[in-house]
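Peer 1: Predicted coordinates and the sequence they were generated for:
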Amino acid sequence: MEWTKHRLCEIADIDISGVDKKTYEDEIPVRLCNFTDVYHNWAITESLANSFMHASANKKEFDKFSLKKGQVAFTKDSETRDDIGIPTYIADDFNNVLLGYHCALVTPHKNKINGKFLNAFLHSEYIHKYFELNATGSGMRFTLSQKTLEDIPILLPPFKYQEEIGEIFATIDKKIAITREINRNLDAIAKQLYDYWFVQFDFPDANGRPYKSSGGKMVWNEILKREIPERWEVKDINKWLEIKSGYPFKSEDYKESGLYKIVTIKNVQDRDLDTNSCDFISDVPKDIPDYVRLKEGDRLISLTGNCGRLCIVTEHNLLLNQRVGLLQCEDQYVEYAYFFFLSEEMQKKCGYLANGAAQANLSPIDICKIKSLVPSSQTLDTFNQIMRNIRIDFIEKFKEIQKLLRLRDELLPLLMNGQVSIRQLNSDLSVY
């Protein structure tokens, strides 16, 4: 099969977005698909639209950067070289969603290049190396110039084969998206249960009825200045939980591959541990504490930058770096502690305590001096039992996602060089 080589500008239109996050009364109200949306998604679908931020745009921007099915967007500017050139496929037409700044929008020429194929091709190591070699800048900002974008070398098979390859990756991504949605729903159920039990105080009473709504006894607490359920206590957080900061690994020891991944603050996303961007280390220092070797189910909190972000460890061979904290407590408090720190009240307190000149920093000692509500042991035991079952399902689904991501990454070079049969792949994918 003959593949032909083209510059991207010969087969597609390329536009660099300058649509910012501000809102002006005399402009068109829009939603913005921003850098992080592009960076974290293989495809932008209609289901993501409600999570996009509100902004405004003028008529020219609206016409030029409204997202349309078949386009490809990718990151153009970032603080780190590795974060630029990350593409995503626009899988649906949108009425009022625009691409935000620090990104570029590619509109393929009809019957020359398929958008799904282009998205897959831009994920290849071949293009990653091109971006790595051609990115300009240093220090705080790296970027891809207009000429660099125009000159992206694209290898094209016949259009029909492009469509077939594109559909393979679209199928995998749909399976990933469905599994992620299941996990989002599990997470929402868990958070709703926490609010119902520990904010509204409608946990099950001795007869299985909602406690407060059924007339359960509430008593005034002078420390919190509000009523709390009878027999519940108020304690300093440090009486039942400790936040342990990670080990100060040396950045010069980081490798591109190795047995262990180093979890840093960049990996702790909002309710998600992104280990795909972890650095590696081959040898573990002899003096590291046991807790630095993370276990499945551990709860982490970011202590620098975007302070207070939390996530759950869902794999093995991870080591905890400094400025990421481990929530360490007795098993009875594990599930409660995670959602307690995720609560609106604690997120505000963490934000207030964070300080620092260059970037915000959160002190584990200061956090753990905060007064906290501690439910009865019976209530905690019941809550833990329910939450553990939800967490088991969550981790299993997460592992399914990781398996599909590995499959996608392994298939990409094989499909690009024709080493595997598309017909056989379609058959194999049916088992997932």
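Peer 2: Thanks, I have it.
Peer 1: how much distance is there from stretch 117-130 to the middle of the chain?
Peer 2: The chain centre lies 21 Å from the centre of stretch 117-130; the measure is CA atoms, centre = their mean, to the nearest Å.
Peer 1: Tell me the buried residues in it?
Peer 2: For stretch 117-130, burial by neighbour count (16 or more other CB atoms under 10 Å) applies to 117, 118, 119, 120, 121, 122, 123, 127, 130. Bear in mind the C-beta positions are built from the backbone N, C-alpha and C, glycine included.
Peer 1: Not counting its neighbours along the chain, what's nearest residue 298?
Peer 2: In space, and not counting its chain neighbours, residue 298 is closest to residue 313: 4.2 Å by CB to CB, 6 or more residues apart in numbering.
Peer 1: what are the ranges of the helices in the stretch 251-400 of the chain?
Peer 2: Taking DSSP state H, counting those that start in this stretch to define them, one finds helices in the stretch 251-400 of the chain at 331-342, 344-353, 364-367, 377-416.
Peer 1: Run through the stretch 51-200 of the chain and note the low-pLDDT ranges.
Peer 2: Applying pLDDT under 70 to the stretch 51-200 of the chain flags the ranges 138-139.
Peer 1: mind listing the helices for it?
Peer 2: Here the stretch 51-200 of the chain has its helices, by DSSP H, counting those that start in this stretch, at 59-65, 115-122, 125-134, 146-150, 159-198.
Peer 1: Residues contacting the shortest one, please?
Peer 2: So that's helix 146-150. Helix 146-150 has contacts (CB atoms under 8 Å, 6 or more residues apart in numbering) with 7, 8, 9, 14, 16, 76, 104, 131, 134, 135, 136.
Peer 1: So what pairs up with the first one in the strands?
Peer 2: For residue 7, the beta-bridge partners are residue 153 (DSSP bridges).
Peer 1: That one and residue 146: what is the separation?
Peer 2: 12 Å (CB to CB, to the nearest Å).
Peer 1: Could you do the last one as well?
Peer 2: Shown here: residue 136 relative to residue 146, a distance of 11 Å by CB to CB.
Peer 1: Ok, the second one next?
Peer 2: Using CB to CB, we find residue 8 at a distance of 11 Å from residue 146.
Peer 1: more neighbours, the two?
Peer 2: Between residue 8 and residue 146, counted using other CB atoms under 10 Å, the more crowded position is residue 8 (23 against 13).
Peer 1: correct me, but that one touches residue 156?
Peer 2: No: in this structure, residue 8 is not within contact of residue 156 by CB atoms under 8 Å, at 10.7 Å.
Peer 1: looking at the helices of the stretch 51-200 of the chain, which is buried most?
Peer 2: helix 115-122 (a mean of 25; mean count of other CB atoms under 10 Å).
Peer 1: Which stretches in the stretch 151-300 of the chain count as strands?
Peer 2: According to DSSP state E, counting those that start in this stretch, the stretch 151-300 of the chain carries its strands in the segments 153-156, 218-221, 226-229, 233-236, 242-245, 260-263, 268-269, 272-273, 279-281, 299-302.
Peer 1: How far off centre is the fifth one?
Peer 2: So that's strand 242-245. On CA atoms, centre = their mean, the centre of strand 242-245 falls 23 Å from that of its chain.
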